[in-house]
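>>> requesting a structural model of the entry that follows:
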Amino acid sequence: MSAPRILRVAGPLVELTYEAGTAMHDLVLLGESGLPSEVVAIRGSVVTVQAYEYTGGLAPGMPAWPRGRPLSVRLGPGLLGGVFDGLLRPLRSAGDRLSGGASGAPPPDDAWQFEPCVRQGEPVDEGAALGSVRLSVPLKVLAPPGSSGSVSWVAPAGRYASDAVVAAVDGGEVRLSAEWPARKPRPARERLDAVVPLTTGQRAIDLLFPMVRGSTVAVPGGFGTGKTVLLQQIAKWCDADVIVYVGCGERGNEMADVLDELHRLADPRTGGQLADRTVVIANTSDMPMMAREASVHTSATVAEYFRDMGLHAVLIADSTSRWAEALREFASRMGELPSEEGYPARLASELAAFYERAATVRTLGGTTGSVTVIGAVSPPGGDFTEPVTAHTERFVRSLWTLDRELAYARHYPALSWSASFSRDVTAVAAAHAAAGDREWAERRERVAGLLTEADRLADLVELVGVTALPPGERVSVLGGRLTREAILQQNAMAPGDAYSSPEKTTALVTAVLAVIERCADLADSAERADAVEEVDFTPLVRAREEAGPNDVAAVTAAREAILQRLGELV
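Numbers count the residues shown, from 1 in each chain. Below you'll find the predicted structure:
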């Protein structure tokens, strides 16, 4: 039987002869340099693979080495704080290029402090903790899926390399780092109802369109509407244990900004760098397109790895549209029958498979962990009816639509309160009620009502002017403006406003509602409505920036100052 040889090279698609037989998605190394590729078609003894790197230099007749296993990634303690490509290979040099000095993951020979938590002869089940590694986020070394029995051997406490064997369960070796197929979801004992809110620190989200741990969110928005900045804010401030940030086809300067911010920001949990509990997968627009298609599967596997330890991971993909474009380009090269706008017919199922990996689960070890997926969508020309946006909306529980007009008006985050939704509101309201805040749902409903009424009157105000409206409707217009400016707007560059704690958000909402209620009581005539509109509400509007992230007292003082001014009108 002849050895596998390359027959033809057509860009990233390579045909080779392989008579021994192989399977779809198996890994194949090409040429003397061993370029990684994946089997995408099998026709008799001719196998077609897609390369994940530039194929310049490959030529017919060169050898190929089928590995007999699917594309796999190494999962271990070297992930946290690292920068990787779409195949989860450390980008030490690329990390330097992107972040101005931040390196990728430590090399495999770096040592990690291992502490065993089981004894020799102790019975364990799959997923049980065998030990831990001391990092900013304590990591567990788990018994691999399918390995149950007694602990044959466990290493003493000490420092070990990433590939070192630290235990043996029923004769099977357990290493600090292990490989797992990138496209295969990691197993869990059961999926649980997602009921615990995930706080993002962004008022427009936490108040109007909240989410729970283990949920899914899509963030569609045209160019310049602030998708990347919003996702960066969530990565920096949400109360997750681990952040997996995927730059899928993004510009290199945007990834450089992300890495720079992560290394400059202090982690409020540990006091160290926020980057220490973040995994960055950088597959920028100038990197191989085929690795972009694999990057979302890689990132989901990484998030599930941390989930299996009982941690709560947030996966941020920016953006899934460029991942879908990679699917379209590959399908075109393979001659697949095109569907809408040239995308393959399997686009909907590919999107569904990705978002289905988000969940709150009971892990094999009996703990509770979660993966929350937030995916940006970049519709060409801002057309929200295009296939990627339309299909994504079917599979997510929340939609945070970014509005171009709000962005052009410098209202950030440009989250449209009329075109967005959240199916997690009921669960979040129940969680707040259980925590003692039974008025959360009522406050949210009142804010949503103010925005809806102000939007209804907006066209009329443009036609006849606000002074032509009845006093009650003039107060509604005022209420909508105060809600937008004092609550929903948030300055990502202001130290006091980049993050808003739940307590500060509640204080701002309570203050605005109290002021609007007082205005409605006073404006019982056109003259009184004029007087109310002439009141300077600036202290209340500026309180969101001037008060610290947790400064409820400053917000309360601004509210009392405005109420006092309104009281002088009586």
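
>>> need the pLDDT of residue 331.
Looking at residue 331, its pLDDT is 86.

>>> swap in residue 570?
Residue 570 is assigned 66 on the pLDDT scale.

>>> before we move on, what about residue 1?
Per-residue pLDDT puts residue 1 at 54.

>>> contacting residues for the nearest residue to residue 407 once chain neighbours are set aside?
Using C-beta to C-beta, 6 or more residues apart in numbering and skipping the chain neighbours, the partner closest in space to residue 407 is residue 414 (4.0 Å). C-betas here are computed from N, CA, C, even on glycine. When contacts are counted by C-beta atoms under 8 Å, 6 or more residues apart in numbering, residue 414 touches 221, 225-226, 402-404, 406-407.

>>> switch to 6 Å and redo it
Residue 414 sits next to 225-226, 402-403, 406-407 when contact means C-beta atoms under 6 Å, 6 or more residues apart in numbering.

>>> dump those residues into TSV; add secondary structure, distance to residue 481 and neighbour count as well.
Formatted as TSV, these follow (DSSP: H, G, I helix; E, B strand; the rest coil; distance: C-beta to C-beta, whole Å; neighbours: other C-beta atoms under 10 Å):
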residue	secondary structure	distance to residue 481	neighbour count
225	coil	21	26
226	coil	21	21
402	strand	20	25
403	coil	16	22
406	helix	13	20
407	helix	18	19
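
>>> which of those sits closest to residue 549?
residue 226 (20.2 Å; C-beta to C-beta).

>>> backbone phi and psi for the residue nearest the centre of the chain, please?
In the chain, the centroid-proximal residue (C-alpha atoms, centre = their mean) is residue 316; its distance is 1.9 Å. Main-chain dihedrals, residue 316, degrees, to the nearest 10: phi -110, psi 120.

>>> let me know the distance separating it from residue 478.
Distance of residue 316 to residue 478, computed by C-beta to C-beta, to the nearest Å: 37 Å.

>>> bridge partners for residue 172, pull those for me.
Beta-bridge partners for residue 172, by DSSP bridges, are residue 169.

>>> give the burial count for residue 69, as a bare number.
12 (other C-beta atoms under 10 Å).

>>> next: residue 417.
22.

>>> separation between the nearest residue to it once chain neighbours are set aside and residue 524?
Closest residue to residue 417 apart from its sequence neighbours, by C-beta to C-beta, 6+ apart: residue 451 at 5.0 Å. Relative to residue 524, residue 451 is positioned 24 Å away (criterion: C-beta to C-beta).

>>> where exactly do the strands run in the stretch 351-500 of the chain?
For the stretch 351-500 of the chain, the strands defined by DSSP state E, counting those that start in this stretch occupy 359-362, 368-377, 398-399, 421-422.

>>> tell me what the longest one is packed against?
With contacts defined as 3 or more C-beta pairs under 6 Å, 6 or more residues apart in numbering; DSSP states H and E, strand 368-377 has these neighbours: strand 216-220, helix 289-307, strand 312-318, helix 320-334, helix 387-395.

>>> can you list contacts of the helix or strand that comes right after the shortest one?
Yep, that's strand 216-220 we're talking about. For strand 216-220, the succeeding helix or strand toward the C-terminus, using DSSP states H and E, is helix 227-237. For helix 227-237, contacts defined as C-beta under 6 Å, 6+ apart pick out 200-202, 219, 221, 243, 245, 254, 258, 265, 316, 318, 376, 413, 492, 499.

>>> cutoff 8 Å now
Contacts of helix 227-237 (C-beta under 8 Å, 6+ apart): 200-202, 205, 219, 221, 243, 245, 250, 254, 257-258, 261-262, 265, 274, 278, 314, 316, 318-319, 374, 376, 378, 400, 402, 412-413, 415, 492, 498-499.

>>> just the CA trace of the helix or strand following that helix, in CSV.
Next helix or strand after helix 227-237 toward the C-terminus (DSSP H and E): strand 242-248. Taking C-alpha atoms only, strand 242-248 is exported to CSV below (Å, rounded to 0.1, in the frame of the first residue of the first chain):
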residue,chain,number,x,y,z
VAL,A,242,-13.7,33.1,33.1
ILE,A,243,-14.0,35.1,29.8
VAL,A,244,-13.3,33.5,26.5
TYR,A,245,-13.0,36.2,23.9
VAL,A,246,-12.9,35.3,20.2
GLY,A,247,-11.8,37.8,17.6
CYS,A,248,-13.3,36.0,14.6
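
>>> could you list the residues in contact with strand 242-248?
The contact list for strand 242-248, computed with C-beta under 8 Å, 6+ apart, reads 80, 137, 231, 235, 254-255, 258, 277-284, 292, 295-296, 299, 302-303, 306, 311-320, 322-323.

>>> tell me the average confidence for the host helix or strand of residue 505?
Element membership of residue 505, judged by DSSP H and E, is helix 502-522. Mean per-residue pLDDT for helix 502-522: 96.

>>> list the helices and strands it packs on?
For helix 502-522, the packing partners by 3 or more C-beta pairs under 8 Å, 6 or more residues apart in numbering; DSSP states H and E come out as helix 203-208, helix 440-464, helix 471-483, helix 526-533, helix 538-546, helix 552-567.
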